[in-house]
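A.B. asks: Sequence and predicted structure are below.
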Amino acid sequence: MSTKTNTHDDSPPIESRADLISVFAAGEKPAERWRIGTEHEKFVYRTADHRAPSYDEPGGIRDLLAGLTRFGWEPVIEGDHVIALSGKDGAISLEPAGQLELSGAPLDNLHETCTETGRHLRQVKTVGDELGLGFLGLGMWPDKSRAELPIMPKGRYAIMLRHMPRVGTLGLDMMLRTCTIQVNLDYSSEARMAKMFRVSLALQPLATALFANSPFTEGKPNGYLSFRSHIWSDTDPARTGMLPFVFEDGFGYERYADYALDVPMYFVYRDGKYIDAAGQSFRDFLDGRLPALPGEKPRISDWEDHLSTAFPEVRMKSFLEMRGADGGPWNRICALPALWVGLLYDDTALDAAWDLVKHWSMEERETLRDSVPRLGLSAPISEGRTLQSIAGEVLAISRAGLNRRARLNGSGDSEAAFLNPLEEVVASGRTHAERLLELYRGEWAGDLSHIYAAESY
């Protein structure tokens, strides 16, 4: 989730509907200025007993953040607490139960992304070794109940934790027990954005299948390959899902703004504090009728905050966010941006990917989204086929797109090598979740504590 690193209330007021649209239009960049922003979350645990550390305890999350400042990271303060760090590699922030997130800097190529990821993981492992902390790469806590998890001292999370049970049964699990990998990508125009949005939204279930890595809940198999993905189906229907309007004629910035205006609010940020506006309407805010701040109208920063509280499979701010993947092993962190950059940043690849999915009906897209968390690559698509039947073709399109980009490292290698872990999944037909289930039922003999040695960074 987003963390504010700029705590000043100096954003201009929203004067018209055009100001809402301008946030999306401001993201337009020529192709030579397109960048890649990669985010990944991981679970923090005590190496001695696998317990999730609290914020305040000695050697806990606060001390982890403090330890990372030796690498040049600057503290971000909320109230009396350091709740994030900012630096040249982007931002390090905390998810609600202490999951640690790197929101990487916007970078030119995937070689830089992988270097950034490696640098970050080496830093957290250095500090973690000193504090007795480890870092687990999965999509969901494999063995922790909600009650066993701490809560981080961030104002927006307190509001969301109160609100989630009002609108769904699994929202608290989303906040407390899941981790993801995401990538943020640029567009050059409204038309380009629309095409990228449609392709990425239609194929987001494939990313979910390829990265499926959350098959355990509270120490036992949960019946899913990506329980993290399933959780989103009962978190809050007003702010999640496949967004059918994206595939309709005329989709663009204005239609997405209408969608976002209809997403209920969580909060308003004023004077360093989060004001509870859960369930209230941003449309009322525009009219000066927000119950939480009667008579006051929103600023651009309020709109940007609000956009960060919608959770569809693909999300737009001033860039597009791919949100379908579980957290996972080190090499998967670089594989996710490789998949989407190859498909969306090359014209030929984008056209080929759209040709694959443009004939799917909305019913077929929804069925695919609903079945992927349990079935993975065996999930059905149109004409009696499964995701497995197109996965190789999608990866081939992406690989060709990366090769045409021709961003080479010092050894002359293209970015396409970062797809190798995904091609291994497709060749075997087995997701990482299925491999973990085989270990659980075989070599581990039902003892899930082995997962810490197997899946830690």
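C.D. replies: Ah, there it is. Keep in mind the model is a prediction, meaning the values are calculated, not measured. Residues are numbered from 1 along each chain as shown.

A.B. asks: quick one: the nearest residue to residue 214 once chain neighbours are set aside from residue 152, how far?
C.D. replies: Closest residue in space to residue 214, ignoring its immediate chain neighbours: residue 139 at 3.3 Å, by Cβ to Cβ, 6 or more residues apart in numbering. All C-beta spots, glycine's among them, are computed from the backbone N, C-alpha and C. Using Cβ to Cβ, to the nearest Å, one gets 19 Å for the distance from residue 139 to residue 152.

A.B. asks: Comparing these two, which residue is more hemmed in?
C.D. replies: Each of residue 139 and residue 152 has its neighbours counted (other Cβ atoms under 10 Å); residue 139 has more, 32 against 19.

A.B. asks: how close does that one get to residue 284?
C.D. replies: 36 Å.

A.B. asks: Please apply the same query to residue 55.
C.D. replies: 35 Å.

A.B. asks: before we move on, what about residue 253?
C.D. replies: In terms of Cβ to Cβ, residue 253 sits 22 Å off from residue 284.

A.B. asks: Between the two, which has more neighbouring residues?
C.D. replies: For residue 253 versus residue 284, neighbours defined as other Cβ under 10 Å are more numerous around residue 253 (19 against 15).

A.B. asks: What is the neighbour count of the nearest residue to the more buried one once chain neighbours are set aside?
C.D. replies: Nearest residue to residue 253, sequence neighbours excluded (Cβ to Cβ, 6+ apart): residue 24, at 4.2 Å. A count of neighbours around residue 24, defined by other Cβ under 10 Å, yields 22.

A.B. asks: Give me the helices and strands touching whichever strand or helix holds residue 24, please.
C.D. replies: Residue 24 is part of helix 17-25 when elements are defined by DSSP states H and E. Counting contacts by 3 or more Cβ pairs under 8 Å, 6 or more residues apart in numbering; DSSP states H and E, helix 17-25 is packed against helix 190-210, helix 253-262, helix 300-307.

A.B. asks: for these, which one ends up most surrounded?
C.D. replies: Across the helices and strands packed on helix 17-25, averaging neighbours per residue (mean count of other Cβ atoms under 10 Å) puts helix 190-210 on top, at a mean of 24.

A.B. asks: Adjacent strands (with direction) for the helix or strand following it?
C.D. replies: Using DSSP H and E, the next helix or strand after helix 190-210 towards the C-terminus is strand 216-217. Strand partners for strand 216-217, identified by DSSP bridges, are recorded as strand 220-221 (antiparallel).

A.B. asks: which residues are contacting the partner strand?
C.D. replies: Under the criterion Cβ atoms under 8 Å, 6 or more residues apart in numbering, residues 215, 437, 440, 448 lie in contact with strand 220-221.

A.B. asks: The third one: neighbour count?
C.D. replies: Pointing back at residue 440 there. By other Cβ under 10 Å, neighbour count at residue 440 equals 21.

A.B. asks: What does the pLDDT read for it?
C.D. replies: pLDDT for residue 440: 98.

A.B. asks: All the strands of the stretch 51-200 of the chain, residue numbers only.
C.D. replies: Using DSSP state E, counting those that start in this stretch, the strands of the stretch 51-200 of the chain run over residues 74-78, 81-87, 90-94, 100-103, 133-136, 180-185.

A.B. asks: which residue of this protein sits farthest from its center?
C.D. replies: For the chain, the C-alpha farthest from the mean C-alpha position belongs to residue 295; by Cα atoms, centre = their mean, that distance is 34.9 Å.

A.B. asks: Which residue ranges of the stretch 251-400 of the chain form strands?
C.D. replies: Using DSSP E, counting those that start in this stretch, strands in the stretch 251-400 of the chain cover 267-270, 273-276, 311-312, 314-316, 320-326.

A.B. asks: Who are the packing partners of the first one?
C.D. replies: Just to be clear, that refers to strand 267-270. helix 155-167, strand 273-276, helix 300-307.

A.B. asks: For it, the averaged confidence score.
C.D. replies: Per-residue pLDDT over strand 267-270 has a mean of 97.

A.B. asks: cool, and the shortest one?
C.D. replies: Across strand 311-312, the average pLDDT comes to 98.

A.B. asks: name the helices or strands packed onto it?
C.D. replies: In terms of contacts (3+ Cβ pairs under 8 Å, 6+ apart), strand 311-312 is packed against strand 240-241.

A.B. asks: Identify all contacting residues around the strand it packs on.
C.D. replies: Outside strand 240-241, the residues touching it (Cβ under 8 Å, 6+ apart) are 232-233, 311-313, 369.

A.B. asks: List the buried residues for the helix holding residue 24?
C.D. replies: 19-24 (16 or more other Cβ atoms under 10 Å).

A.B. asks: right, and residue 429 touches residue 386 too?
C.D. replies: No - counting by Cβ atoms under 8 Å, residue 429 sits too far from residue 386 to count as a contact (9.9 Å).

A.B. asks: quick one: common contacting residues for the two?
C.D. replies: Shared contacts of residue 429 and residue 386, counting by Cβ under 8 Å, 6+ apart, come down to residue 377.

A.B. asks: Can you lay out the buried residues of helix 17-25 as TSV showing distance to residue 134 and pLDDT?
C.D. replies: Output for the buried residues of helix 17-25, formatted as TSV (distance: Cβ to Cβ, whole Å; pLDDT from 0 to 100):
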residue	distance to residue 134	pLDDT
19	46	98
20	44	98
21	45	98
22	44	98
23	39	98
24	40	98
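
A.B. asks: what's the farthest-apart pair in those residues?
C.D. replies: 19 and 24 (11.0 Å; Cβ to Cβ).

A.B. asks: Helices of the stretch 351-457 of the chain, residue ranges please.
C.D. replies: For the stretch 351-457 of the chain, the helices defined by DSSP state H, counting those that start in this stretch occupy 362-375, 387-405, 420-428, 432-441, 450-455.

A.B. asks: wait, which of the ones you listed is closest to residue 225?
C.D. replies: Of the helices of the stretch 351-457 of the chain, nearest to residue 225 by Cβ to Cβ is helix 432-441, at 4.0 Å.
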